[in-house]
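>>> A predicted structure for the sequence below; I have some questions about it.
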Amino acid sequence: MKIVLEIPARLAKRFRASVPSGQRSAVITRLLERAVAEKSKRDETVCRRVNRLKRLSAEMAEWEKMDE
């Protein structure tokens, strides 16, 4: 799949100078995979912390009663 992105010109020049043309897609893919995995891990951590909040758990229980 092709995706069009805009990045600062200075960064683009450095990227082109340091990464050979045949390797650019692979490098970008690895960087994106790493960034997405880190973001998912942070999100999961936040969700676990929020789910441990007693007040929130009680409130969620009240909302779930309405579904019954």
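Now that the structure is in, tell me what you want to look at.

>>> Number of residues surrounding Gly22?
Gly22: 7 surrounding residues under other Cβ atoms under 10 Å. Any C-beta I mention is one placed from the backbone N, CA and C, and that applies to glycine too.

>>> Is it in a helix, a strand, or coil?
What DSSP: H, G, I helix; E, B strand; the rest coil gives for Gly22 is helix.

>>> And the pLDDT at it?
Among the per-residue scores, Gly22 holds a pLDDT of 96.

>>> Distance of it relative to Glu68?
The gap separating Gly22 from Glu68 is 59 Å, by Cβ to Cβ, to the nearest Å.

>>> Could you look up the SS state of Val27?
helix.

>>> show me what contacts it?
Val19 (Cβ atoms under 8 Å, 6 or more residues apart in numbering).

>>> That one and Lys54, how far apart?
Taking Cβ to Cβ, one finds Val27 at 46 Å from Lys54.

>>> Ser21 too?
Taking Cβ to Cβ, one finds Ser21 at 56 Å from Lys54.

>>> Just the pLDDT at Trp63, thanks.
Reported pLDDT at Trp63 in the predicted model: 81.

>>> which residue ranges form the helices in this structure?
9-18, 24-51, 54-67 (DSSP state H).

>>> Of those helices, which shows the lowest average pLDDT?
Minimum mean pLDDT among the helices of the chain: helix 54-67, a mean of 78.

>>> and the angle for that one with helix 24-51?
90 degrees (axes from the mean of the first three to the mean of the last three Cα atoms, to 10 degrees).

>>> quick one on the thing from earlier: Met1: which of the helices of the chain is closest?
helix 24-51 (10.7 Å; Cβ to Cβ).

>>> before we move on, the earlier item: now render the helices of the chain as CSV, adding distance to Met1.
Shown next, in CSV, are the helices of the chain (distance: least, Cβ to Cβ, whole Å):
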stretch, distance to Met1
helix 9-18, 20
helix 24-51, 11
helix 54-67, 38
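
>>> do you know which of the ones you listed lies nearest Ile3?
Ranking the helices of the chain by proximity to Ile3 (Cβ to Cβ) places helix 24-51 first, at 9.1 Å.

>>> Okay, buried residues for the closest one please.
Using 16 or more other Cβ atoms under 10 Å as the test for burial, helix 24-51 gives no buried residues.
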